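Student: sequence first, predicted coordinates after that:
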Amino acid sequence: MKNLLLATAISVMATTASAEVIKVASPYSVAETLDRLETIVKGAGAKVFARVEHAKGAEMIGQELAPMALLVFGKPEIGTPALQANPLSGLMLPARVLGYQDSDGKVWLAYENPADMMAQFDIPADAKVVKVLTKVLGGLTGKAVAE
């Protein structure tokens with residue numbers, strides 16, 4: 001429960017209006033897509049901190065949402081340089097990827113563009129940490145949706 005509250009707080013605090021959202025289509029259900037992503041993340045040596053099941057949260061208050069969940073994960077070797085450059089980048093880290101089903105029934109993985117996320121903390125797009133985050137998020141999500 002503590003991890004769920006922490007992940008939810010991070011998610012709410014880390015919302016930025018100016019960050020580009022990168023979306024990757026998935027041929028799988030939301031649950032299967034996030035299961036695949038979680039397995040790939042762990043296989044890459046990263047730590048999964050939480051899986052926030054938004055749809056289940058809505059059920060708790062008698063509401064409905066299409067399938068939707070947020071995976072929160074990270075690896076200190078990747079995120080620490082950003083935190084050293086500006087501790088406020090911790091509002092964006094660890095990484096978060098949302099799996100959701102849209103109104104047409106299509107499933108997506110979505111995450112914020114690392115360059116946009118870090119720019120607000122004066123970490124330039126050409127910084128090594130931004131390049132690594134961009135490559136890692138693109139690679140992990142790409143593998144998760146591969147057929």
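Tutor: On my side now, so go ahead.

Student: and the residue of the chain most remote from its centre, helix, strand or coil?
Tutor: In the chain, the residue that sits farthest from the middle, by Cα atoms, centre = their mean, is residue 62; the gap is 26.2 Å. Under DSSP: H, G, I helix; E, B strand; the rest coil, the three-state class of residue 62 is coil.

Student: which pLDDT value belongs to it?
Tutor: Among the per-residue scores, residue 62 shows a pLDDT of 96.

Student: ok, it to residue 70 distance?
Tutor: 21 Å (Cβ to Cβ, to the nearest Å). All C-beta spots, glycine's among them, are computed from the backbone N, C-alpha and C.

Student: can you list contacts of the strand or helix carrying residue 135?
Tutor: Assigning secondary structure by DSSP states H and E places residue 135 in helix 128-145. Helix 128-145 is contacted from outside by 22, 24-28, 33-34, 36-37, 40-41, 44, 78-79, 81-82, 85, 95, 97, 109, 111, 113-115, 118, 123-124, using Cβ atoms under 8 Å, 6 or more residues apart in numbering.

Student: which parts of that helix are buried?
Tutor: Of all the residues in helix 128-145, those buried under the rule 16 or more other Cβ atoms under 10 Å are 129-130, 132-134, 136-137, 140-141, 144-145.

Student: ok now it, how far from the chain's centre?
Tutor: Offset of helix 128-145 from its chain centre (Cα atoms, centre = their mean, to the nearest Å): 11 Å.

Student: quick check: closest non-adjacent residue to residue 42.
Tutor: residue 48 (6.3 Å; Cβ to Cβ, 6 or more residues apart in numbering).

Student: was I right to think that neighbour contacts residue 71?
Tutor: Yes - assessed by Cβ atoms under 8 Å, residue 48 is found in contact with residue 71 at 6.7 Å.
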